[in-house]
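[1] Generate coordinates for the sequence data below:
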Amino acid sequence: MTVDQLTRPGALVSGQVQFSDGKKAAWYVDEMGRLGMVAPEPGYRPPQADIPAFQAALDRELSRLGL
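    Numbering: from 1, shown residues only. Okay, here's the model as predicted:
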């Protein structure tokens, strides 16, 4: 997981993530604190086993950024 140097418009923080199936997605946290994802293809869902690891990495990054 990476954090963008230049945050997406309308987001507090944004970045990229690569899941275990090799697919990449953009993620962002909006001004209301909601997590969003921009999927690589319509209807894409990351592997269920990747979700806890992504959430933990996101929590670490948000804490590091003071959010």
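[2] from here on, contacts and neighbour counts on C-alpha atoms
    OK.
[3] can you pull out the strands in the chain?
    2-3, 11-18, 24-30, 35-38 (DSSP state E).
[4] Average the pLDDT values over the longest one and round to the nearest integer.
    Averaging pLDDT along strand 11-18 gives 96.
[5] what comes up buried for it?
    Ala11, Val13, Ser14, Gly15, Val17 (16 or more other Cα atoms under 10 Å).
[6] residues contacting the residue nearest the centre of the chain?
    Nearest to the mean C-alpha position of the chain, by Cα atoms, centre = their mean, lies Trp27 at 3.1 Å. Each residue near Trp27 by Cα atoms under 8 Å, 6 or more residues apart in numbering is listed here: Ser14, Gly15, Gln16, Val17, Leu35, Gly36, Met37, Val38.
[7] What residue, apart from its backbone neighbours, is nearest it spatially?
    What sits nearest to Trp27 in space, not counting adjacent residues and going by Cα to Cα, 6 or more residues apart in numbering, is Met37, at 4.3 Å.
[8] per-residue confidence for the one you found?
    Looking at Met37, its pLDDT stands at 94.
[9] for it, what are its contacts?
    Met37 touches Ala25, Ala26, Trp27, Tyr28, counting by Cα under 8 Å, 6+ apart.
[10] Kindly reformat these as CSV and extend each row with distance to Thr2 and pLDDT.
    CSV is the format used below for these (distance: Cα to Cα, whole Å; pLDDT from 0 to 100):
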residue, distance to Thr2, pLDDT
Ala25, 11, 96
Ala26, 9, 96
Trp27, 10, 97
Tyr28, 11, 97
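[11] can you name the two of those that are farthest apart?
    The two members of the contacts of Met37 with the most space between them (Cα to Cα) are Ala25 and Tyr28, at 10.1 Å.
[12] just to revisit the earlier point, quick one: buried ones out of the contacts of Met37?
    Buried subset of the contacts of Met37 (neighbour count, 16+ other Cα under 10 Å): Ala25, Ala26, Trp27, Tyr28.
[13] Kindly indicate which of those lies nearest Ala56.
    For those, the nearest to Ala56 is Trp27 (14.0 Å; Cα to Cα).
[14] so what's that closest one bridging to?
    Under DSSP bridges, the beta-bridge partners of Trp27 are Gly15, Met37.
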